[in-house]
Structures are given as C-alpha cells and as structure tokens.
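Q: Sharing a model prediction with you, sequence too.
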Amino acid sequence: MNRLSRYFLQGLLYLAPISLTIYVVYWIFSFTDSLLQTYLYDFFDIHIPGLGVLVIIVALTVLGYIGQTIIARPFKLIVTKFMKRIPLLNLIYSSVKDFFSAFVGEEKKFNKPVKVTMSINENIQRIGFLTNENLTVLNAPGHVAVYFPFSYTFTGETILIPKNLIEPIDLPATEVMKFIIAGGVVEFESKTVDTN
C-alpha cells in the first residue's frame with residue numbers, strides 16, 4: 001500500500017506542473033481573447049476568433065526581445081566588467097564562460113567530431129572534437145588540438161595530436177557528444193558508425 005501511495009504521489013508530482021501550466025496558458029488566452037473580442041465588438045462591430053492567441057504570441061516575443069537587448073546585455077556587461085577587475089575570478093569566470101559557450105553558445109566550438117588513433121599497433125582510437133588546427137603559437141607544426149570529453153561528466157582533456165592520426169566523423173556533433181557522455185551506450189540516429 002505504501003508503494004502504491006508513493007507511485008500515486010509521484011504521478012501527481014509529474015502531472016501537476018504540466019496541468020497547471022496548461023490551465024494557466026489556457027486561462028490567459030481565453031481571458032485575453034474574450035477581452036479583445038468585447039472591445040472590438042463594442043467599438044468596431046467585428047469579431048475575429050483567436051485574436052487573443054496572436055496578441056499573446058506577439059507580446060511574449062516582444063517581451064523576450066526587450067529582455068534580451070535592454071535588460072540582459074547591460075547586466076552581462078556589468079558582470080563581465082566586475083569579473084575582469086579581480087584576477088582569480090576573471091580566470092575562473094572566463095574559463096567557465098568559454099567552456100559553456102563552446103557547447104551551447106552562438107559560436108559552438110565542439111562541432112568537428114574526429115576519431116584519433118592513439119595506438120597504431122593495437123588499433124586503439126578515441127573520439128574527440130577538433131578545436132584548433134593552427135598551433136604555430138605553441139611551436140607545434142603539423143599538430144592540431146583535440147578535446148576529449150569524459151563520460152558521465154562535463155570535464156575532459158585537450159591533447160595535441162599529429163594531423164595524420166585524426167579522421168573526421170561524418171555525424172552530427174550533438175550525437176557524437178551524447179555517445180561520448182553516455183559512455184557509448186546510446187545509438188546513433190543518423191548513420192551507423194563504421195567500426196572497420
């Protein structure tokens with residue numbers, strides 16, 4: 001009986017937020033639509049069904065734009081300026097920011113999945129992401145930087161690899177990342193990985 005009660009409460013926890021969200025959205029749309037219809041009918045003697053939904057969509061889009069441009073950007077600039085004044089915080093902040101923007105930012109860095117031959121004799125390969133192809137500043141001609149994410153974590157390591165040991169993977173970067181993070185237990189959706 002205790003197990004059934006626990007399952008019931010768990011189901012309620014899953015269902016309640018979804019149901020409440022649907023109800024609130026429906027109520028807002030209905031209220032806006034009826035309010036607009038009343039004023040439109042009173043002043044212009046016209047009835048346009050669904051106008052409230054259109055108004056809500058436009059309003060939310062405008063609100064998102066205002067939040068992104070007028071509120072978010074100045075706040076981001078203030079935080080960035082503050083972080084740059086404190087050396088240790090600046091190092092941590094810039095590293096974490098660059099790392100996450102590489103995953104989900106507008107300029108994703110981990111978009112070139114590759115197979116790297118780690119041991120030619122034993123035919124051992126690792127999967128990683130090509131992150132830098134010009135390492136002249138490190139005095140490493142003929143090498144590229146490859147980032148190897150670790151499974152079940154958001155950490156990894158960067159290794160400088162000779163160009164002739166890497167092979168591009170013709171799969172979406174997101175699928176390769178899922179494969180690595182999940183320890184190789186997920187299946188690829190687009191293509192079958194060539195194991196030869």
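A: All right, it came through fine.
Q: after the least confident helix or strand in the chain by mean pLDDT, next one along is what?
A: Ranking every helix and strand in the chain by mean pLDDT, DSSP states H and E puts helix 87-104 at the bottom, with a mean of 65. Sequence-wise, the next helix or strand downstream of helix 87-104 (DSSP states H and E) is strand 113-119.
Q: List the buried residues for that next one?
A: Under the neighbour-count criterion of 16 or more other C-beta atoms under 10 Å, strand 113-119 has 113, 114, 115, 116, 117 buried. In this view, the C-beta of every residue, glycine as well, is placed from N, C-alpha and C.
Q: quick one: the strands in the chain?
A: Applying DSSP state E to the chain gives strands spanning 113-119, 124-132, 143-149, 156-162, 166-168.
Q: Highest mean neighbour count out of those strands?
A: Among these, the stretch with the highest mean neighbour count (mean count of other C-beta atoms under 10 Å) is strand 143-149, at a mean of 19.
Q: quick one: contacts of it?
A: Residues outside strand 143-149 that contact it (C-beta atoms under 8 Å, 6 or more residues apart in numbering): 110, 114, 116, 126-133, 135, 155-163, 166, 177, 180-181.
Q: And residue 144, what's its pLDDT?
A: Residue 144 is assigned 92 on the pLDDT scale.
Q: For the residue nearest to it when sequence neighbours are not counted, give me phi and psi.
A: With C-beta to C-beta, 6 or more residues apart in numbering as the criterion, residue 144 has its nearest non-adjacent residue at 5.0 Å, and that residue is residue 133. Here is the backbone geometry of residue 133 (degrees, to the nearest 10): phi -100, psi 0.
Q: For burial, what's the neighbour tally of residue 54?
A: Neighbour count for residue 54, taken as other C-beta atoms under 10 Å: 13.
Q: for the one 10 residues further on, same thing?
A: Taking other C-beta under 10 Å as the criterion, the count of residues near residue 64 is 11.
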